[in-house]
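>>> Curious how this folds, go ahead:
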Amino acid sequence: MSLRTGPGPVRPREPDDAPPPAPAGLRAALRRRQGPLAAAAFLLLLVSGWHLMSLALDSLLVPGADDIAAEIARLVADPGFYADLGVTFQRVALGFALAFAAALAVGIAMGRSPLARRFFEPAVLIGLTVPGLVWALLCVIWFGVDLINPVMAVALSSAPALTLSIHQGTRTTDPQLLEMAHVYRFSAADRLRYLWLPSLAPALFGGARLGLSLAWKVIVLVEIFGMSSGVGSSINREFAAQNVAGVLAWTALFALVMAALEYGVLQGLENRAARWRKVAAV
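Numbers count the residues shown, from 1 in each chain. So this is what the prediction gives:
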């Protein structure tokens, strides 16, 4: 390889047989596949490490990956699995809808009014510090085994994080947009559709992720303590039968379904909201 002489910096000459750069489409496809491949590598490492640990310990308390896989196959073939999963989803959906409506109203009020912020801030901070286990126990004590029990537990655990996220997003809203809405006398519905929802979209989805992660944990606890149906109740039955593989199978399936909702549903809605936000801003 020769070097060019003369004025200016000295740079090596590119070899004549250098491979051409990869097409842009191929590079984009490789980047898209990096995420799934990394996740698959992590899962493979996790399963392999667990199986090796089960072989080393040789204990009924640490079942092997093959035993857990057999339990997963049994659950997937059982119609009761889908019934319990549907019941849990229904409870989370109702509780999260209640939390979302309350958080949207309170969060916008806190961002627009200093008095409202000072009034609601202690409640939000208290809600953030109370563990989900406490909400689960209190709702079982207060509401018994009725539907309102899991719904209120999910709402109480999710609303503080949602409210804080919406409040922070409201404070970053462009004041000129607020002034324009006031000048043109936007109705409350138009303000919500064309101003608040587009400008709060990133905060809404960030808060929704955090709120849903808390909701899934709390709903399982509520179902373990005080319900006779749902994912938590099924985990409790496997625990009572001392079937550790069954407990882990339910946990693994529940985690896989939650991951599918996160990457297949929530991210798709976020992408659509981003496009809608651009259209609404035109």
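>>> Now do the helices in the protein.
24-57, 65-76, 79-112, 114-129, 132-143, 148-171, 175-183, 188-190, 197-226, 231-240, 244-260, 267-281 (DSSP state H).
>>> Ranking these by mean neighbour count, which comes first?
helix 148-171 (a mean of 24; mean count of other CB atoms under 10 Å). (C-beta placed from N, C-alpha, C; glycine too.)
>>> Which elements pack onto it?
helix 79-112, helix 114-129, helix 132-143, helix 197-226 (3 or more CB pairs under 8 Å, 6 or more residues apart in numbering; DSSP states H and E).
>>> looking at the ones you listed, which is closest to Arg171?
Closest to Arg171 of the helices and strands packed on helix 148-171 is helix 79-112 (CB to CB; 5.1 Å).
>>> dump the residue contacts of the closest residue to Ala153 other than its chain neighbours.
Leaving out its chain neighbours, the residue that sits closest to Ala153 by CB to CB, 6 or more residues apart in numbering is Cys139, at 4.1 Å. If you count contacts by CB atoms under 8 Å, 6 or more residues apart in numbering, Cys139 has them with 149-150, 152-153, 156, 222, 226.
>>> Tell me the one among those residues nearest to Ser234.
When these are compared for distance to Ser234 (CB to CB), Val222 wins out at 13.5 Å.
>>> Show the low-confidence segments of the stretch 51-200 of the chain, by residue range.
174, 178-179, 184 (pLDDT under 70).
>>> at 80 instead, please
Scanning the stretch 51-200 of the chain with the threshold set as pLDDT under 80 gives 145, 171-200.
>>> how near is the residue nearest to the spatial centre of the chain to Ala189?
Nearest to the mean C-alpha position of the chain, by CA atoms, centre = their mean, lies Arg209 at 3.4 Å. Using CB to CB, to the nearest Å, Arg209 is found at 27 Å from Ala189.
>>> again, but for Leu266
Taking CB to CB, one finds Leu266 at 25 Å from Ala189.
>>> same question, Pro175
Applying CB to CB to Pro175 and Ala189 gives a distance of 21 Å.
>>> Kindly report the same for Leu195.
Applying CB to CB, the value for Leu195 to Ala189 is 11 Å.
>>> And Leu46, by the same measure?
Leu46 is 48 Å from Ala189, by CB to CB.
>>> Same question for Pro160.
27 Å.
>>> next one: Ile72
Computed as CB to CB, the Ile72 to Ala189 distance reads 47 Å.
>>> ok, now His51?
56 Å.
>>> same deal with Ile68?
50 Å.
>>> Now do the closest residue to Ser229 other than its chain neighbours against Ala97, distance only.
Once flanking residues are discounted, Ser229 sits nearest to Val87: 5.0 Å by CB to CB, 6+ apart. Going from Val87 to Ala97 by CB to CB gives 16 Å.
>>> Then Gln176?
32 Å.
>>> Also Ala83?
For Ala83, the distance to Ala97 - CB to CB - is 22 Å.
>>> got it, and Trp135?
Distance check for Trp135 against Ala97: by CB to CB, it reads 17 Å.
>>> Return the residues in contact with the closest residue to Met227 other than its chain neighbours.
In this structure, Met227 finds its nearest non-sequential neighbour in Ser233, 5.2 Å apart by CB to CB, 6+ apart. When contacts are counted by CB under 8 Å, 6+ apart, Ser233 touches 84, 223-224, 227.
>>> Report the two of these separated the most.
The span of the contacts of Ser233, defined through CB to CB, is set by Asp84 and Ile224 at 12.5 Å.
>>> Need phi/psi at Gln242.
Main-chain torsions, Gln242, degrees, to the nearest 10: phi 60, psi 40.
>>> rewinding a little: could you export the helices and strands packed on helix 148-171 as a markdown table, including distance to Val244?
A markdown table is the format used below for the helices and strands packed on helix 148-171 (distance: least, CB to CB, whole Å):
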| stretch | distance to Val244 |
| --- | --- |
| helix 79-112 | 18 |
| helix 114-129 | 33 |
| helix 132-143 | 22 |
| helix 197-226 | 16 |
